[in-house]
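Asker: take a look and give me a structure for this.
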Amino acid sequence: MTGQDAPLRIGNASGFYGDRFDAMREMLTGGPLDVLTGDYLAELTMLILGRSRLKDPARGYATTFLRQLEEGLGLAHERGVRIVANAGGLNPAGLADAVRELAVKVGVPVRVAHVEGDSLPVPEGFLTANAYLGGAGIAACLAAGADIVVTGRVTDAALVTGPAAAHFGWGPGDLDALAGAVVAGHVLECGTQATGGNYSFFRGHDLRRPGFPVAEIHGDGSCVITKHDGTGGVVDLGTVTAQLLYETGGARYAGPDVTARLDTVRLTQDGPGRVRISGVRGEAPPPTLKVGLNRLGGWRNEVVLVLTGLDIEAKAALVQEQFADALARSGTAPGEVRWELSRTDRADAATEETASALLRLVVRDPDPETVGRAVSGAAIELALGSYPGFHVTAPPGKGTPYGVFEARYVPAGEVPHIAVLPDGRRESLVPPTTTRPLQDAEAPPLPPPLPDPGPTRSAPLGRIAGARSGDKGGDANVGVWAVGDDAWRWLAHELTVERFRELLPETAALTVVRHVLPNLRALNFTVHGLLGEGVAAQHRFDPQAKAVGEWLRSRHLPIPVALLETAHAPEAQA
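Answerer: The predicted structure is shown next:
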């Protein structure tokens, strides 16, 4: 690839392992592209692939990607589109070989390369250990003429920074351009979350089948986020803002290529279905790389009991006492026993289901027998001798393993970063020589408060604000953005950490950190420890914190009537 004035069109066809299967074909046939990316890896995915590799050492990669390529190889070759995906997981070399075999089978001449080095020595007791590499290896593979590049654990944004650096000839010192590509990559990485999926203001848009996003990247790192013409969904200031806040934190968004300053991001509507991202500044990356480690934490089991009609609390208390007695008598009580009562019932309900509450029992223990036979036996034996109307949502079964994710950091120079080029040559990439230890940015000044907010009315926060939330290990991230400048002036002063804890009582005893991003009219909250040991541990009802933002939006608080009467959907603010 060579630098040129025309933008580089990079699309996305996968936001996770299991995303829409036909997205690759849709993206390759739906409009012009230069590069098509696919993000298949997440913290939980690495654990899944680790267990897959235990069964068959030749696996450990995302097999869905290979099946998508059965048709995609020919389409990409015909249209001159290069494909970059992290589907290699724990075995990028194995996936690269499988792609070559597939190319021979379908009769498509392609040059395949891969990136490796992220797999580190696995500490005792763990299943996987992988460093998050940057985009330099991808860039080297593309510069050497690769048509298909598969990687292991790189940062999600590296799928975009690598192709952009190769195309425009950026080097490690082009920090602002690289930072712009990081921001573009972050918007693309979750697929249809940038085009209306999981969007607070979904009403009024056709979201039955959102199209996947495209970034038109320019040589200075600025870009336009859009999608193929004629596809469903929506791209507007709100959808892009929501994705920028997803699973990020403060103003400094660190990665192995560059630290992007999210407080410098500027969004402008660039026409229907087009949002321009500009002004992104970059700083030298930190001297360390994040390493994700996964281990099996033990075994868990779950029973959901249905409580119907009157005396819900008393019924719950009875069955909990009975379970405790049964587990004690078995002599093999699990190490952890958690009960959670969800009052989904209504008084004088018209259907049995709406008259019912759910009582959830979760047990954990290092021994599968302790969470299996003892728990399922207790549930079955109580069937005719417990509260009236006793039944469960599903028959109790054996225990299942659960995982634990941990993050550590190692010096970047200790991690090999190797591009295995299409001709088999191995090129070792040197990490950036100029680094900057990561520190929190200085808190920006808040906007002036509304001079006279006037009378208030109790209403849901979501009437004037959008939100998106997610997980990072055991922490939850909740991004909240205001609809309009006046709403932002009110929100910035009203939604403090203390108010956040009041609205979400589950967070009251946890450490909550608030970050202010004025350019986005947004606040980003990190709730430390809400998810316990991470998604694979299934610590809580919503183990990835996907709906915490919507819970926050549903909470009522006194909001100025003037804001409620003038609130508009985000696209109206363009």
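Asker: could you list every helix and strand that the longest strand anywhere in the chain packs against?
Answerer: Looking only at the chain and at elements set by DSSP state E, the strand with the highest residue count is strand 288-308. Counting contacts by 3 or more Cβ pairs under 8 Å, 6 or more residues apart in numbering; DSSP states H and E, the secondary-structure elements packed against strand 288-308 are helix 43-55, strand 128-131, helix 312-330, strand 356-365, helix 368-381, strand 391-392, strand 400-411. The way it works is simple: take the backbone N, C-alpha and C, and place the C-beta from them, glycine included.
Asker: so for Ala459, which of those sits nearest?
Answerer: When those are ranked by proximity to Ala459, the top entry is strand 356-365, at 27.4 Å, counting by Cβ to Cβ.
Asker: show me what counts as buried in the closest one.
Answerer: Ser356, Ala357, Leu358, Leu359, Leu361, Val362, Val363, Arg364, Asp365 (16 or more other Cβ atoms under 10 Å).
Asker: what does stretch 378-388 give?
Answerer: Along stretch 378-388, the positions that meet the burial threshold by neighbour count (16+ other Cβ under 10 Å) are Ala378, Ala379, Leu382, Ser386, Tyr387.
Asker: cool, and stretch 18-31?
Answerer: When burial is assessed from 16+ other Cβ under 10 Å, stretch 18-31 yields the following buried residues: Asp19, Ala23, Met24, Glu26, Met27, Leu28, Gly30, Gly31.
Asker: ok, Leu36 - contacts?
Answerer: Counting by Cβ atoms under 8 Å, 6 or more residues apart in numbering, Leu36 makes contact with Ile10, Gly11, Asn12, Ala13, Met24, Met27, Leu28, Ala76, Val81, Arg82, Ile83, Val84.
Asker: among those, which one sits closest to Lys290?
Answerer: Compare each of the contacts of Leu36 with Lys290 using Cβ to Cβ and the shortest gap goes to Val84, at 20.5 Å.
Asker: could you list the buried residues of the lowest-mean-pLDDT helix or strand in the chain?
Answerer: Considering only helices and strands, the least confidently modelled element of the chain by mean pLDDT, DSSP states H and E is helix 368-381, at a mean of 87. Applying a neighbour-count criterion of 16+ other Cβ under 10 Å, one finds Pro368, Thr370, Val371, Gly372, Arg373, Ala374, Val375, Ser376, Ala378, Ala379 buried in helix 368-381.
Asker: follow-up on the earlier one: closest to Gly191 among the buried residues of stretch 378-388?
Answerer: Using Cβ to Cβ, Ala379 is the member of the buried residues of stretch 378-388 that sits closest to Gly191, with 39.2 Å.
Asker: find the residue closest to the closest one in space, skipping its chain neighbours.
Answerer: Pro396 (4.4 Å; Cβ to Cβ, 6 or more residues apart in numbering).
Asker: go on, Gly470?
Answerer: Nearest non-adjacent residue to Gly470, counting by Cβ to Cβ, 6+ apart: Glu247, 4.3 Å away.
Asker: repeat for Leu49
Answerer: Setting aside the residues directly before and after it, Leu49 is nearest to Gly89 in space (Cβ to Cβ, 6+ apart), at 4.3 Å.
Asker: tell me, how many residues neighbour that neighbour?
Answerer: A count of nearby residues for Gly89, using other Cβ atoms under 10 Å, gives 32.
Asker: any idea how many residues pack against Gly473?
Answerer: The number of residues packed around Gly473, counting by other Cβ under 10 Å, is 18.
Asker: and Ala492, by the same measure?
Answerer: By the criterion of other Cβ under 10 Å, Ala492 has 22 neighbours.
Asker: any buried residues in whatever helix or strand it lives in, and which?
Answerer: When elements are assigned from DSSP states H and E, Ala492 belongs to helix 485-494. Residues Asp486, Ala487, Trp488, Arg489, Trp490, Leu491, Ala492, Glu494 are the ones in helix 485-494 that count as buried (16+ other Cβ under 10 Å).
Asker: SS state for the closest residue in space to the fifth one that isn't next to it in sequence?
Answerer: In this structure, Trp490 finds its nearest non-sequential neighbour in Leu450, 5.5 Å apart by Cβ to Cβ, 6+ apart. Here Leu450 is coil, with the state taken from DSSP: H, G, I helix; E, B strand; the rest coil.
Asker: any idea how far Leu450 lies from Pro121?
Answerer: 56 Å (Cβ to Cβ, to the nearest Å).
Asker: look at the two and report which has more neighbours.
Answerer: With neighbours defined as other Cβ under 10 Å, Leu450 and Pro121 compare such that Leu450 has more, 16 against 6.
Asker: isn't that one up against Trp488?
Answerer: No: the pair Leu450 / Trp488 is not scored as a contact, 10.0 Å apart, by Cβ atoms under 8 Å.
Asker: coming back round to it: okay, buried residues for the longest strand of the chain please.
Answerer: By 16+ other Cβ under 10 Å, the buried positions in strand 288-308 come out as 288-303, 305-308.
Asker: okay, now the sheet partners of that strand, with direction.
Answerer: Paired strands of strand 288-308, with direction, are strand 128-131 (antiparallel), strand 356-365 (antiparallel), strand 391-392 (antiparallel), strand 400-411 (antiparallel) (DSSP bridges).
Asker: send the alpha carbons of it over as PDB?
Answerer: Coordinates of each C-alpha in strand 288-308 appear next as PDB, following Å, rounded to 0.1, in the frame of the first residue of the first chain:
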ATOM      1  CA  THR A 288       4.200  -1.700  29.100                       C
ATOM      2  CA  LEU A 289       1.700  -4.000  27.400                       C
ATOM      3  CA  LYS A 290      -1.400  -5.400  28.900                       C
ATOM      4  CA  VAL A 291      -1.500  -9.200  29.300                       C
ATOM      5  CA  GLY A 292      -4.800 -11.000  29.700                       C
ATOM      6  CA  LEU A 293      -4.700 -14.300  31.700                       C
ATOM      7  CA  ASN A 294      -7.500 -16.800  31.900                       C
ATOM      8  CA  ARG A 295      -7.800 -19.700  34.300                       C
ATOM      9  CA  LEU A 296     -10.500 -22.100  35.400                       C
ATOM     10  CA  GLY A 297     -11.900 -20.800  38.700                       C
ATOM     11  CA  GLY A 298     -13.800 -23.800  39.700                       C
ATOM     12  CA  TRP A 299     -17.300 -25.100  39.100                       C
ATOM     13  CA  ARG A 300     -20.700 -23.500  39.400                       C
ATOM     14  CA  ASN A 301     -24.400 -24.500  39.300                       C
ATOM     15  CA  GLU A 302     -27.600 -22.500  39.200                       C
ATOM     16  CA  VAL A 303     -31.200 -23.200  40.100                       C
ATOM     17  CA  VAL A 304     -34.000 -20.600  39.400                       C
ATOM     18  CA  LEU A 305     -37.100 -21.200  41.500                       C
ATOM     19  CA  VAL A 306     -40.400 -19.700  40.600                       C
ATOM     20  CA  LEU A 307     -42.500 -18.100  43.400                       C
ATOM     21  CA  THR A 308     -46.100 -17.300  42.500                       C
END
